[in-house]
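Asks: Any chance you can model this:
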Amino acid sequence: MNLNQQPHMASPYAPPQPGYQMYPQPGYGAPHPTQQYAPYNGHTSLYQQGAPPAGYSPYSGFATKTYAANVLSDSFSSSPPNLGQGRAPPVSGAPPVSASDSYSQYAQGNVQNGPPSVPSQPQRPPVSQSYAPATVHPGTQPTYHQPYEAPTTSVQQITGHMAGMHIGGPAPNLAGSTYAPPPSSQPMSSAAFTSTGPPNYTPQLASASQPPSSMSMTPGPPPSMYGAPPTSQPSFPGAPTPPQSAFAGVTPAAPPVSQQSFPTGAPMSQPHYSSVPTSSSQPSMGGPVLQQPPFGAVPPASAQSQFPGAAQPPVSQPSPYHSVPPAAAAGFPPPGGATVTAPPRHPGMQGPPFANQSMSAPPASQPNHTGAGMPPGPPIGGVQGPPPQPGLQGFHPQQNGAFGQMRPPQSGYAAPYPGQQNFGIQPPPPAAAPPAQKRLDPDSIPSPIQVIEDDKANKGSEPFITGVRGQVPPLVTTTFQVKDQGNASPRFIRCTAYNMPCTSDMAKQSQVPLAAIIKPLATLPPDEGPLHLVDHGEGGPIRCNRCKAYMCPYMQFIEGGRRFQCSFCSCVTDVPPHYFQHLDHTGRRVDCYERPELHLGSYEFLATVDYCKNNKLPQPPAFIFLIDVSYNAVKSGLVAVVCEELKTLLDHLPRESVDEESRIRVGFVTYNKVLHFYNVKSSLAQPQMMVVSDVSEMFVPLLDGFLVSVGESRVVINSLLDQIPEIFADTRETETVFGPVVQAGLEALKAADCAGKLFIFHSSLPIAEAPGKLKNREDKKLVGTDKEKSLFQPQVSFYGNLAKECVAQGCCVDIFLFPNQFVDVTTLSVVACSTGGSVYKYSHFQAQTDRDRFLNDLRRDVQKPMGFDAVMRVRTSTGIRATDFFGSFYMSNTTDVELAGLDSDKTVTVEFRHDDKLSEDTGAFMQCAVLYTSCSGQRRLRVHNLSVSCCTQLADLYRNCETDAVISYFAKHAYRTVLSSPTKNVRDVLVNQCAQILACYRKNCASPSSAGQLILPECMKLLPVYLNCVLKSDVLQPSAELSLDDRAYLRQLVSCMDVAESHVFFYPRLLPLQKLDVEGDALPVAMRDSEERLSRAGLYLLENGLNLFLWVGSAIPQDLLHNVFGTASFSQIDPNMTSLPVLDNPFSKRIREIIESIRAQRSRYMKLMVVKQDDRLEILFKRFLVEDKNSSGGASYVDFLCHMHKEIRQLLS
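Replies: Reported below is the predicted structural model:
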């Protein structure tokens, strides 16, 4: 069952439900000092729990990181509680909360955080005394046997122990002071707390008019983004036992992570004190700890004030083992990572600390165990006992996860219910004034910026040498140099995992996708390129006889060099005589370093005629420009802009080298309801127009003079481009066709017997009578329903069939759309997506404001390196095979990726699956071979080789993953799945797979620790934040104002993105320009994408590859304002400007340089948008602050981390 579809969750990303409470967006407070306890030497079997202690590390050398997590209360767990072994059912107590109770019925009263201080404090007993078990008799309420001292019998003594207690809980959760069921769901009993012994706990009501002394009153939280409240809340008596599973080989004993064990024995009427921290729902206080009241007389944990899916991260519930640093206690060396310790406490200080003191806890032994914002979920692995009781007496105050900091009250946490009971404690007097509330520190959860900066520092200075098998390359955000020594550069191929599982069972268990993102024609920096071109003569490239893999560094030469053994299929092939060479003493050819194919990972072969279509060498390709001249296109200025630009752009067509002239021929067509072909033969004085009005049977009316060389026909072409805007200046034709336009270009290329590319400039939905006619089908009511998937499917099959014909001819189609309303991008883009083409979209195009963006895109599209009529095949060594492909291409069989055009920006993502076992010794090999026609008409083979390691240990797999590549794969897979599944299902599957990946790591690789901690693998600790960005993206969770066309446009765009582009697309880069050093070349360190990071006095640049925002704070300093905008006041900034004024000062010059350099890094030109604080555009800007909640119901980073932890714990239980 998909855990994301349980009733208690609704959708984690659903819109807010009425009557459902949630926490506001949290921050994270600064860490507090912690205090360690001496070891506890008591009874083991009763004290043990299912989840081993934090820091217990049989894998201490494994790279793992721990974050202190403040966990949501166990209301997240939908499983009924397990009452434990040998425990009799309770005989008294209020009835449990009904499963159907809504959270909205819980009124928000005042928080009572403990009684006033009493001078006398009992001494803390020694820590070495035994923890003795006793027996439980049926029908009695078990309590703790107290070996240390006589039971305390007075309310005043209990009150004294609670003096000054300070709780920073996730909800109105009081450490032993007040707790009562909500009046609406649980009738208040007038009887005293019942037990077989004398009644000592007298229920008292916490007055709503008495705020506590150490926690301020907070308003009721706003509606939740996590959907409806739980529908199944566990009740204690007679609840069924949830299924349990052993965790990491630890034999569970008795209580769960946050529940004290109940020793058997005669019940006692008064709680006893213990020096041993016995609960993980609340941290121990350095002194005597109050006993829990008898079981069953209080509402269940899930009925306590909890608001699932809260934006405020709640507090973690550490293990009872935390009385000592667990790694040391267990006898294992502490794992690597930061250890947080606290200054020693004053010897005279006993009992609970006061409101401003930190509670004690063990240090965090693993910097990756998140405690910041994790819901605890169900107990881990075979743990038996009831769920945690965060508000019960006798439980330690809740800690901030592994770091153990106590937290002050947090903003957004609701107060307890009115009428809450005080079990044996007098309510405190009213507080004079509530203290200031603190929030948790967001820096305590994994930071993308920190990871990026660390990678730059560690890997940016040294060249990346590709000769080491299975080596993880630097991140895409790091600038580095590559030295090819036998494996392809990461600029060509990036993998999700560089250490593949040896077996399919291991791969299935981990759920880590095995995929490669391949960018075959990627542009290389000048110091790394171009690739070597190898000519093996008339016989063509040397290949394996069986699998047809091309010669590469992995081939093993044998028998003195006369034969070679293929590393992919192990077949032995004879070496042709002209290719023979002797071997040296190591078995390598003596000419190894003279031949690129024997020592490099990437190179090109010159293909022979055998590799050409119809066994004849290809003609140079052609570019055909097809321009919409309907009323909308002319009125917007599009026609004039295109024609003017083409005059100069035709001088920059692709060519093999800068010196030679381009061999690409060009042709021109204009159209509205009919098509106009132009004869621009060089011998003509004026161009000639030929009109084809019968669009149902498209043909090309001329052969000679349609496709011409630019150099030869320059004068005629210029004349035509001058005349087109004049000819159609007064047109009133509003209808257009589209299908016949593509057919016209295809027929022209067929007639010329060459491959080529169509550049179509189109403005409106093709509603004129013609093949491919479409209707307006945009229906916002389908969004979010099961029928939504139909919106991502083409209206008609015509364009799919047309695309097949284009691929067969080598006709690539690029579409530039300029819509003012719906144009059905989904259907029109089929031709581009199937032929290796691109789609560009400029909504509400106006020449004055959008000219630069369009022309820069057009220039880049025309000039970038490109191959035509391409076929790509990925070969792998025995044990794995390529099974799935993502990108803009067509496949007529299961192995060949056919691309009518392949440019330097396009990627093809390949997924691998096991078909046999892999060997750790040999590793796994893959070879990507692309056969294409160059822009000069030369047939070539580009080969990329990559070897990766193989592993039998899951720890090795998780140590060698690349999160950016995993996220790129997940996004592409999800964006394709929306064609067949509702978006909610797609999101749920993504969340579930991510949870399985991290749960598998937690179970099999991580150091056993408290279930209140979220443990993430070091190289995948950013998986939750990046996955949340994918889930909140416009394709999977659109805002109300986003059009269907925009979603379809983004969907096809992401399918072809490389890892660098998808990274910045999902997690935009935010630069604080006010910190810019104008003297140096370095950019300021980027900031995390959250609104709370922005300063009113700041100037910030945000880019995601498609959008570029300059956010200006309302309190921006005067000098900065003057240097950048040349204005005297904030109000004088023009929000409509699309470029910064050119001012004569270093700051202005440097900012403009930065903007241009960022634009140069991206495949699409980004139009600058200036956003003034509190201006109308700020709503759009805030959608890109992806760590925050968004308006369409997307969770904040902290919310999602909480949700993910809950999912992991459910999987582990």
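
Asks: helices and strands of the protein: which one bottoms out on pLDDT?
Replies: Counting by mean pLDDT, DSSP states H and E, the chain has its least confident helix or strand at strand 205-206, which shows a mean of 32.

Asks: For the protein, which residues score under the pLDDT cut-off?
Replies: 1-441 (pLDDT under 70).

Asks: Regarding it, what is its longest helix?
Replies: Counting by DSSP state H, the longest helix found in the chain is helix 983-1004.

Asks: helix or strand for Leu1110, which one?
Replies: strand 1108-1112 (DSSP states H and E).

Asks: helices or strands next to the biggest strand by length in the chain in the packing?
Replies: The residue-count maximum for a strand in the chain (DSSP state E) belongs to strand 939-951. When contacts are defined as 3 or more Cβ pairs under 8 Å, 6 or more residues apart in numbering; DSSP states H and E, strand 939-951 sits against strand 493-495, strand 499-501, strand 602-606, strand 924-933. To be clear about C-beta, it is placed using only N, CA and C from the backbone, and glycine gets the same treatment.

Asks: and the direction of that strand versus that of strand 924-933, what angle?
Replies: Taking axes from the mean of the first three to the mean of the last three Cα atoms, to 10 degrees, one finds that strand 939-951 is oriented at 170 degrees with respect to strand 924-933.

Asks: how near is Cys935 to Asp869?
Replies: Using Cβ to Cβ, to the nearest Å, one obtains 12 Å as the distance from Cys935 to Asp869.

Asks: got it, and Leu1180?
Replies: From Leu1180 over to Asp869 the distance is 41 Å, taken as Cβ to Cβ.

Asks: Looking at those two, which is more packed in?
Replies: Asp869 (27 against 15; other Cβ atoms under 10 Å).

Asks: Now that one: closest residue in space, sequence neighbours ignored.
Replies: Excluding its sequence neighbours, the residue lying closest to Asp869 (Cβ to Cβ, 6 or more residues apart in numbering) is Gly810, at 3.1 Å.

Asks: From what I see, the one you found and Asp753 are in contact.
Replies: No - using Cβ atoms under 8 Å, Gly810 makes no contact with Asp753, being 10.2 Å away.

Asks: okay, now the residue nearest to Leu617 when sequence neighbours are not counted: neighbour count?
Replies: Among residues not flanking Leu617 along the chain, Val609 sits closest, at 6.0 Å (Cβ to Cβ, 6+ apart). For Val609, the neighbour count with other Cβ under 10 Å is 13.

Asks: Same question for Val715.
Replies: Val715 has 13 nearby residues by other Cβ under 10 Å.

Asks: what's the answer for Lys616, then?
Replies: By the criterion of other Cβ under 10 Å, Lys616 has 9 neighbours.

Asks: tell me the phi and psi of it?
Replies: Main-chain torsions, Lys616, degrees, to the nearest 10: phi -140, psi 150.

Asks: and the strand holding Leu1110, what does it pack onto?
Replies: Helices and strands touching strand 1108-1112, by 3+ Cβ pairs under 8 Å, 6+ apart, are strand 1099-1103, helix 1146-1161, strand 1168-1172, helix 1178-1182.

Asks: can you list contacts of it?
Replies: Applying Cβ atoms under 8 Å, 6 or more residues apart in numbering, the contact partners of strand 1108-1112 are 1073, 1094, 1098-1103, 1130, 1133, 1140, 1155, 1158-1159, 1166-1173, 1178, 1181, 1184.

Asks: One more: stretch 798-813?
Replies: Applying Cβ under 8 Å, 6+ apart, the external contacts of stretch 798-813 come out as 613, 621, 739, 742-743, 745-746, 749-750, 754-758, 760, 771-772, 794, 827-828, 830-837, 868-869, 890, 898-901, 933.

Asks: Which of those residues are buried? Put it as a ChimeraX command.
Replies: Only the buried entries of these go into this ChimeraX selection, using 16 or more other Cβ atoms under 10 Å:
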select :621,739,742,743,745,746,749,754,755,756,757,758,760,771,772,794,827,828,830,831,832,833,834,835,836,837,868,869,890,898,899,900,901,933
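
Asks: The contacts of stretch 798-813 in helices, which ones?
Replies: 739, 742-743, 745-746, 749-750, 827-828, 830-834.
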